[in-house]
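Q: coords please:
(chains A and B)
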Amino acid sequence: MKINYFRQAWSSIKQEPVVSAVSLAGTALAIFLIMVVVMIEEVKTAPFAPESNRDRWLVQKYASITNDSWGTDNSSNGGMGFNLVKQVFYRMETPEAVTAYTVTPSTGLFSVPGQAPFCAEELSTDAGFWKVMDFTFISGKPYTQEDFEAGLPVAVLSESTARRLFQTSDAAGREFQLNYVTFRVAGVVKDVSNLATASYAQAWIPFTSTSTADFSWCDYMGPLSVTILPRDEADVPAIREEYDRLFAELGDEAKINGWKFILRERPYTQEVTANTPWASVSPDMSGVYRRRIITYLILLLVPAVNLSSMTHSRLRRRAEEIGVRRAFGARRSVIMTDIFLENLIITLFAGMLGLLLSLGFGLIFGGTVFAPGFGTSIESTGISLGILFHWSTFGWTMLFCFLLNLLSTGLPALNASRINIVNALTGKR
Amino acid sequence: MKRKLFRQTANEWQNNVWLAIELLIVSVVMWFVSDYIFTNISIYTSPRGFNTDHCYLIGYRELNDKSPDYAGKLNKAERSANLLRLLELLEKRPEIECVAMGQNAYFYNHSNSGNHMETDTFNTGNYYFLRRLVSPDFTKVFRIRGANGESPEELAEILRNNPRSFLISDNAFSHYGINHMKDFIGHEFTSHATNDTLVLAAAFIPARYDDYNSEDMAHSMIFTCSPDDYIYLNELVVRVRDNMDHNFIENLMKDAPTTLRSGNYFISSVQSFDDIREIHQRDYDADLRNYFIGAAFLALNIFLGLLGTFWFRTQQRVPEIAIRKANGATRSDIFRRVISEGELILLLVTPFAAAIDWGLTRMELNTYYHGTYFEPVRFISCLFIAWGLMALMIFLGTVIPANRAMNTAPAKALGEE
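A: Residues are numbered from 1 along each chain as shown, chains lettered A, B, ... in the order given. From the prediction side, this is the model:
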């Protein structure tokens, strides 16, 4: 019986090659576009190295603060100062790890003696960064907590930066100048895609090795963001409780000078972080989901109505066959299921074609399509199949194919199953 | 002929109802997309009020005590003198026209500062102004012009000669129905952000926030500080002479380690405003691009849907077409009939689509522009754009089946029958 579905699907393609080609193209096009939209969302939220823990981490990219003397509706919003990080995040005991790093990479001047300096992006971090992120070291190792606390000028370089400086990636232990300060290479890691928005850079240094940590405004604001890594999902409520308690304690101290923290439901999951770009605006995930559902509905409904019209026409041609089957005792539900499954085979085939097209499109045009909104680079770099394709991507494709098939075949199949046997056999409509 | 067309369309109602539903949905979405694209292109192409061609953002930093070149811990006066000297070194370069500094000031910048202004006759309440703290030549770098015809140079001189003065965008109080600020020139305003009093010296032509935000969203003020306080600013921008952009970044970075250093200050990067603009507007560009792609997708769907349905339909109607031809219908009669069927369905659904579109404007779900969601001219224009696009796709989708029908040989078709 199962083979029959394939035979029937193939025979229906052969009978109506033009209409079948149009149906296949329509389905593939719909799935292609839907999957591009899914990928645009997934690259912002799905885990990939070195951000392999995106699915469980909590992010506080920005903080918000106000002062009694500012009146209502006034606030300062941006990165956090080192003292806030120390008094809240470094005191947390529940998470597996916590890291603080500058909100965005900054451009530094890299050089070795005898070579013209060049600009590259460096991210200032703490030592916890290497526990939260999942970099692949090809030489040396990360800088340690001791290096961080001592403010030693040590660095981890990306493979391409190491090659540019030393013409080799095996550069651990060698020295270079960054902003006219001599740094020692602690390790070299594989290049990172700038779609890894929290961890991307071409070099990483302890923020205690520069004056970064001294920069502060409004007593508690500064250049830092924080990522908290829970051991597992179950830890999150306890982490939020600890977060609230520590912020309340700091709030008591801040109150003396009129400061008041605005928490804006922070820290956020990766998905909320990706959809809350402005520091001064609280998340609106229901709005995000609403817009997403409307987009998917339009992308599904329009081709579904199209395909439905064609399926309806095709089934009218098979009225005699359906009439014979009904005359020999086939139940309506069996007729409906058969039509649905035959079409599902065609839909799945076209859907896979659409998925492959979307992956190809992502790999070729991803540089501009997926480029993160807030960043320093013109184009996305390092886009690979590993970033674009996850099993969830395949799952979404299957789901959308099923929905598209349900929407486009459901009503025609129901109408076909209700066909009057005598009329069908005598060729009347 | 027309009555026959209606009757034939009605006879095929089962199939046509699908087409009508599709055309209705697509018509509404197409109108929404047209409205979005129409307003965004209108904003994009309207005057920006500033100019970033030949402009560059220069990254600068101070050495720390780990550098062998560290000049030691300097006091404010020494740091200030060093920074002013760095500005002077830049200004002396032949390719540089002017140099300015700022704090959350340059255009296409994600970091903003806000302010509330109050004067004895008027209080802006909680209305938020963009606050650009700059050195006077900022107006020269970005070619900001006065609302009363002042040149960028004259605005720079006003700021330089009156450090306690400020400039404001001419539309600053449009929110309150005041379209020009000239009546307020010379008035003292309390600046809540700096907690001091400034005198309004001139109004400038509204400088938009970026290419995608209209001037209504960019009420801003520009004020300055003493050169001694430039050390508290954090942005350094330059304008390069019109024909001297070539290799500007490479040449500047080549000289940066040797000739462009002053005390602890050094230059760490240079970025063109073309790049800054592109990065800042990436999300907006992506949105606009996605709307275009969405519209193309819907148009292609109409094409495929019509092609598939009418291909089928003409196949089924071969004997009927043959009889009509045998009775004297010309090839173009047949062609017109097939094409007209699709266009008729579109014509029939258009009033319903227009009603839904109007409902969307009432619910304020479309794009906000010129202070409203509904402008009759915009509404009707977008309706026509959507309708025209769909009519074109219907024509393209039915032209192949229509051509096929037109070429039906009556004798052969009826012979088979």
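Q: For A:Tyr296, which non-adjacent residue is spatially closest?
A: A:Ile34 (6.5 Å; C-beta to C-beta, 6 or more residues apart in numbering or on different chains). No exception for glycine: its C-beta is placed from N, CA and C like everyone else's.
Q: secondary structure element for the one you found?
A: helix A:17-45 (DSSP states H and E).
Q: Would you mind identifying the next helix or strand past that helix?
A: strand A:58-60.
Q: Just list what that following strand packs against, helices and strands only.
A: Other helices and strands packing on strand A:58-60, by 3 or more C-beta pairs under 8 Å, 6 or more residues apart in numbering or on different chains; DSSP states H and E, are strand A:224-229, strand A:268-269.
Q: Paired strands for the last one, with orientation please.
A: I take that to be strand A:268-269. strand A:58-60 (antiparallel) (DSSP bridges).
Q: can you tell me which residues contact A:Leu165?
A: A:Phe110, A:Ser111, A:Val112, A:Gln115, A:Leu157, A:Ala171, A:Arg174, A:Phe176 (C-beta atoms under 8 Å, 6 or more residues apart in numbering or on different chains).
Q: And for A:Asp134?
A: With C-beta under 8 Å, 6+ apart, A:Asp134 has these contacts: A:Ala49, A:Pro50, A:Glu51, A:Ser52, A:Asn53.
Q: and what of B:Ile321?
A: Counted by C-beta under 8 Å, 6+ apart, B:Ile321 has contacts B:Thr314, B:Ile334, B:Ala405, B:Thr408, B:Ala413.
Q: out of these, which is most surrounded?
A: Using other C-beta atoms under 10 Å in any protein chain shown as the neighbour test, those are led by B:Ala405, with 26 neighbours.
Q: name the helices or strands packed onto the helix or strand where it lies?
A: B:Ala405 belongs to helix B:376-406 when assigned by DSSP H and E. Judged by 3+ C-beta pairs under 8 Å, 6+ apart, helix B:376-406 is in contact with helix B:13-45, helix B:282-316, helix B:331-362.
Q: For the host helix or strand of A:Leu165, C-alpha coordinates in PDB please.
A: Here A:Leu165, judged by DSSP H and E, is contained in helix A:159-166. Extracted in PDB, the C-alpha atoms of helix A:159-166 (Å, rounded to 0.1, in the frame of the first residue of the first chain):
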ATOM      1  CA  GLU A 159      44.000  31.700  13.500                       C
ATOM      2  CA  SER A 160      43.900  34.300  10.700                       C
ATOM      3  CA  THR A 161      45.200  37.100  13.000                       C
ATOM      4  CA  ALA A 162      48.100  34.800  14.200                       C
ATOM      5  CA  ARG A 163      49.000  34.000  10.600                       C
ATOM      6  CA  ARG A 164      48.900  37.700   9.700                       C
ATOM      7  CA  LEU A 165      51.200  38.600  12.500                       C
ATOM      8  CA  PHE A 166      53.500  35.600  12.600                       C
END
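Q: Any idea how far it is from the middle of the chain?
A: 29 Å (C-alpha atoms, centre = their mean, to the nearest Å).
Q: Give the other helices and strands that the next helix or strand after it contacts.
A: Next in sequence after helix A:159-166, counting helices and strands by DSSP H and E, comes strand A:175-178. Helices and strands touching strand A:175-178, by 3+ C-beta pairs under 8 Å, 6+ apart, are strand A:106-111, strand A:181-189.
Q: Now do the buried residues in strand A:175-178.
A: Neighbour-count burial for strand A:175-178 flags A:Phe176, A:Gln177, A:Leu178 (criterion: 16 or more other C-beta atoms under 10 Å in any protein chain shown).
Q: Number of residues surrounding the residue nearest to B:Ser151 when sequence neighbours are not counted?
A: Distances taken as C-beta to C-beta, 6+ apart place B:Arg145 nearest to B:Ser151, at 6.7 Å, with adjacent residues excluded. Neighbours of B:Arg145 under the rule other C-beta under 10 Å: 18.
Q: what does the one 3 residues further on give?
A: A total of 15 residues lie near B:Asn148 under the criterion other C-beta under 10 Å.
Q: need the contact list for it.
A: Taking C-beta under 8 Å, 6+ apart, one finds B:Lys182, B:Ala202, B:Ala203 in contact with B:Asn148.
Q: Doesn't it lie inside a strand?
A: No: assigned with DSSP: H, G, I helix; E, B strand; the rest coil, B:Asn148 falls outside any strand and is coil.
Q: so how far is chain A from it?
A: For B:Asn148, the distance to chain A (C-beta to the nearest C-beta, to the nearest Å) stands at 32 Å.
Q: In TSV: the helices and strands packed on helix B:376-406, plus mean pLDDT and distance to chain A.
A: Compiled in TSV, the helices and strands packed on helix B:376-406 are given as follows (pLDDT from 0 to 100; distance: least, C-beta to the nearest C-beta, whole Å):
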stretch	mean pLDDT	distance to chain A
helix B:13-45	85	4
helix B:282-316	81	4
helix B:331-362	88	11
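Q: do you know which of the ones you listed lies nearest A:Thr295?
A: Nearest of these to A:Thr295, taken as C-beta to C-beta: helix B:282-316 at 8.1 Å.
Q: For the closest one, list every residue counted as buried.
A: Under the neighbour-count criterion of 16+ other C-beta under 10 Å, helix B:282-316 has B:282, B:284-286, B:288, B:290-291, B:294-295, B:297-315 buried.
Q: Nearest to chain B within the stretch 51-200 of chain A, name that residue for me.
A: A:Thr107 (3.7 Å; C-beta to the nearest C-beta).
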